[in-house]
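Student: Pasting the sequence and the predicted coordinates here, then a few questions.
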There are 2 protein chains.
Amino acid sequence: MRIGDVARRSGLPAKTIRYYEDIGLMSSGRDANGYRRFSEADLHKLAFLGRARSLGFSIEDCRELLRLYDDHTRASGDVKRIAEGHLARIDAKLEELGEMRRTLAHLVSACAGDDRPDCPILSDLAAAPAPPAGRE
Amino acid sequence: MRIGDVARRSGLPAKTIRYYEDIGLMSSGRDANGYRRFSEADLHKLAFLGRARSLGFSIEDCRELLRLYDDHTRASGDVKRIAEGHLARIDAKLEELGEMRRTLAHLVSACAGDDRPDCPILSDLAAAPAPPAGRE
DNA sequence: TTAATGCTTCCAGCAACTGGAAGGTCAAGG
DNA sequence: CCTTGACCTTCCAGTTGCTGGAAGCATTAA
């Protein structure tokens, strides 16, 4: 297959596939004319990457996951560790976003949203005490 | 005040303050020696920015919020619109992350995490149907 | 012959900073 | 007078994960 075919079949843009090859996440063969040539196994790998990325794994996580996937003597514990680390990051992000949402929703509901200038949102941004110290 | 003082009092790194000036989010005066000089009003503005950013508003949102803050003839509706738009983006992100978390937590709990190679996480990444089509 | 696809590479840019290098400025201490 | 140290300055590069676009070659059909 050529890159357009794998793009269609994997759901990944051709640009992204080239990018993945660029950063050494995967590799492909080449035809005489310089075009990339992909095997079913390559397609499989790309689909794997697409799935991992859609679960939010970082590129570096994906690199390691792919390595473990190829290594049939891997320990499932290694995979689980990566997934747990990622899960923890997701939870942290969820917490952070949830806190933002709480505050923001409160402010939004307090604002009349009319033509007058009085606005609790601006007042709060202007007057709240020190920034919540979070966000590191 | 000089930049170190506003940095301490606003909680923003000096680097960030320079960056904000760079992109025209705020401005400051200069001493004869070229050092930036900040007034209490400048500090106030930076604190405002810090708060808005900590609520997740984008830089462009912040620019607009600051403009509205300075404009005493603003309509609170304009502020509310920005906040509501941001809230919607947060909700979308929360949904997306929640979905990731669900899937991932499921996979993690199904994985033994021991020395053996069998791993439902890898199996799923390898075998799941087309990528969930999300993430645009 | 030409036009339409599809492929190639390379460069730039997005958000919002952050790190580091190279160097100027000022007050205190010896 | 000189040095040390804590500031400050600018500029350049890197982060994450792509994405857009330009310039140009390959292949096929009309």
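Tutor: Looks like it came in fine. Residues are numbered from 1 along each chain as shown, chains lettered A, B, ... in the order given.

Student: how far away is the most far-flung residue of chain A relative to its centre from residue A:109?
Tutor: Distance from the C-alpha centroid of chain A peaks at residue A:116, with 41.2 Å (CA atoms, centre = their mean). For residue A:116, the distance to residue A:109 (CB to CB, to the nearest Å) stands at 17 Å. Every residue, glycine included, has its C-beta placed from N, CA and C.

Student: How about residue A:92?
Tutor: Taken as CB to CB, the span from residue A:92 to residue A:109 is 26 Å.

Student: Got phi/psi on residue A:71?
Tutor: phi -90, psi 100 (degrees, to the nearest 10).

Student: wait, I meant residue A:36
Tutor: Torsion angles, degrees, to the nearest 10, at residue A:36: phi -70, psi 140.

Student: same question, residue A:29
Tutor: phi -80, psi 180.

Student: Just give the nearest non-adjacent residue to it, would you?
Tutor: In space, and not counting its chain neighbours, residue A:29 is closest to residue A:37: 4.4 Å by CB to CB, 6 or more residues apart in numbering or on different chains.

Student: for that neighbour, what are its contacts?
Tutor: A:1-2, A:28-31 (CB atoms under 8 Å, 6 or more residues apart in numbering or on different chains).

Student: I'd like to know which of those residues is nearest to residue A:68.
Tutor: The shortest gap between residue A:68 and any of the contacts of residue A:37 belongs to residue A:28, at 21.1 Å (CB to CB).

Student: before we move on, back to that, just the contacts of residue A:37 now: which is nearest residue B:44?
Tutor: Nearest to residue B:44 among the contacts of residue A:37, with distances taken as CB to CB, is residue A:28, at 56.1 Å.

Student: Quick check: the closest one touching residue A:35?
Tutor: No. Using CB atoms under 8 Å, residue A:28 is not in contact with residue A:35, being 9.7 Å away.
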